[in-house]
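> Sharing a sequence plus its predicted fold:
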Amino acid sequence: MKRMLKFKICALLFAAVFTFVACEQDEDVKDTVSGLNVETVSIAEAKEILKEVFPQTRAGGSFIKPDLENIVQEALINSDEKMTVVPVTINGESAYSRILLFKIDGFVHKVILTMYASKDTQSEDFSGYLIVRSIKGEIVTGYRVSEGYLVSRLIFKKTIATKSKDGSESNPFDLFEGDEEIVCIGFSNKKNTVSLQHFDPRFSVTSGNSEVAPTLKEGSSIRYDYTSGGGGSSQNSNTETNDNNPTPKVNYEGIKGTKVECVKDKLVAGGENSLVNKLLRGFNLPKNSFKVSFYVKNISSGVDGKTIHDPNTGEIKVIINSHWLQRSSLELARTFLHESFHAYIFGKLYQEELHNSLPEPNFKKDFEEYERRFGKKNAQHNYMADKYRKHMKEGLKKYFKNEPYYQNAINNFAGNIYWVDEDFMLECLTWTGLKKTNAWKNFIKNDTIKQKYNEQYQFIINQLPEEKCEE
């Protein structure tokens, strides 16, 4: 029977203290289940299985798009076998998702795991929600995560609808009843990992037939590191080798040979007047004290990118999430510009005289006011939302118009009932990464605007082509 949310939260707060101690004491627990026969699903087998399911499968009313060319196999903890991992994009969602395949007693379990981050980009350990879907996209279960540890299991409505009444895509959290239960009693809760049992594969049912997964036995210590993320580097960003006397310049070696490099080349093609060159030119001046380095790496929190300033070395690290490389070329350009704005702000904070390409006569005073109002943690995003989005929009407009598919895209969108116009689509793109700002809250106060924004992403932006790195 469902209990009142208020009561549950109080119980959670009390129980969580005990649970975290109990779970941490459980570090040395070994697998007490001797008959669990785990096997690796080969990449060839995974491709064969998924080609039968996709591309007709839908999740929440949107297509699921697996990347069958970048399947990897990752180590399982306490097992010699591997987890087969397939990067996947679920249209209408910016969260990081992947398909996981593993075999128990000859049965292939197939689930979609999605990470919804709730912490800021500086957090090294994931906090937020893990949502488990069946291969057909139906929600199976979900977990609240705090600093890498599972805190509670979410209780969802028994009837899982994939569409809301108005036909739009359902947010997974619209199905959340507000009820939770502590999860780590019965099996170990180790940081940044989940037991195979957490996937509840008994509920992984293929639509249209009676294929039901065998029950996994409780207590299995065979675990998967969900921060490993499809083969990308999970290296701590602070452990990279740094030059104690960094050369003042912008370093692109970390994106060489990737789609991000192709996008960067197009962004800088406009010469000194291009937006990205305006943002980064100060770092190439003789008196500059900073080194800006761009990387493509896995970011376990699932965000599309992050920018870190190391005051000890003077390096500013711009990291683009490797799992966002399947996104459209225009979205990658937006991410590159967004993170370049962060680097620009860091440059202005320390050497404003070198970083003055945008008209901001009162930057120091204005930014101090933003830090006072929003705190240092949230000041940059709120400042960007208010001061820089117009520049972002103009930069994206130039990029979009120079794309070879531009005219065909505009012609196709003109016949789409959800199309508003080019300016509104670009406006929607500028908000990515800024949804915790006051400006965003004001933007979506209007229900009509909020609906049109959601429709632009689901039916327009998600139709834009990926970066192909064509000559």
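Cool, got the structure.
> where exactly do the strands run in the stretch 201-350 of the chain?
223-225, 250-254, 291-297, 305-310, 315-321 (DSSP state E, counting those that start in this stretch).
> For stretch 325-338, which residues meet the burial criterion?
Residues of stretch 325-338 classed as buried by neighbour count (16 or more other C-beta atoms under 10 Å): 325-338. All C-beta spots, glycine's among them, are computed from the backbone N, C-alpha and C.
> For it, give the mean pLDDT please.
Averaged across stretch 325-338, pLDDT comes to 93.
> do the same with stretch 437-456
93.
> Could you work out the end-to-end span of that stretch for me?
Stretch 437-456 has its terminal residues 20 Å apart, counting by C-alpha to C-alpha, to the nearest Å.
> in that stretch, what's buried?
Across stretch 437-456, burial judged by 16+ other C-beta under 10 Å covers Thr437, Ala439, Trp440, Phe443, Tyr453, Asn454, Glu455, Gln456.
> for stretch 424-440, same thing?
425-434, 437, 439-440.
> likewise stretch 374-384?
Neighbour-count burial for stretch 374-384 flags Phe374, Asn378, Ala379, Gln380, His381, Asn382, Tyr383, Met384 (criterion: 16+ other C-beta under 10 Å).
> Strand 315-321 and the helix or strand hosting Phe102, what's the angle between them?
Element membership of Phe102 [criterion: DSSP states H and E] is strand 96-104. Here the directions of strand 96-104 and strand 315-321 differ by 60 degrees (axes from the mean of the first three to the mean of the last three C-alpha atoms, to 10 degrees).
> re the thing from before, can I get the buried residues of stretch 424-440 in TSV with secondary structure and distance to Asp447?
What follows is the buried residues of stretch 424-440, written out as TSV (DSSP: H, G, I helix; E, B strand; the rest coil; distance: C-beta to C-beta, whole Å):
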residue	secondary structure	distance to Asp447
Met425	helix	19
Leu426	helix	22
Glu427	helix	17
Cys428	helix	16
Leu429	helix	21
Thr430	helix	20
Trp431	coil	16
Thr432	coil	21
Gly433	coil	23
Leu434	coil	20
Thr437	coil	19
Ala439	helix	18
Trp440	helix	15
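> Closest to Gly270 out of those?
Leu426 (16.4 Å; C-beta to C-beta).
> pLDDT weak spots in the stretch 301-450 of the chain?
Applying pLDDT under 70 to the stretch 301-450 of the chain picks out residues 301, 312.
> Quick one: residues contacting the spatially most central residue of the chain.
Per C-alpha atoms, centre = their mean, the C-alpha nearest to the average position across the chain is that of Gly302, at 2.9 Å. Neighbouring residues of Gly302 by C-beta atoms under 8 Å, 6 or more residues apart in numbering: Ala95, Tyr96, Met115, Tyr116, Ala117, Phe126, Gly128, Asn321, His323.
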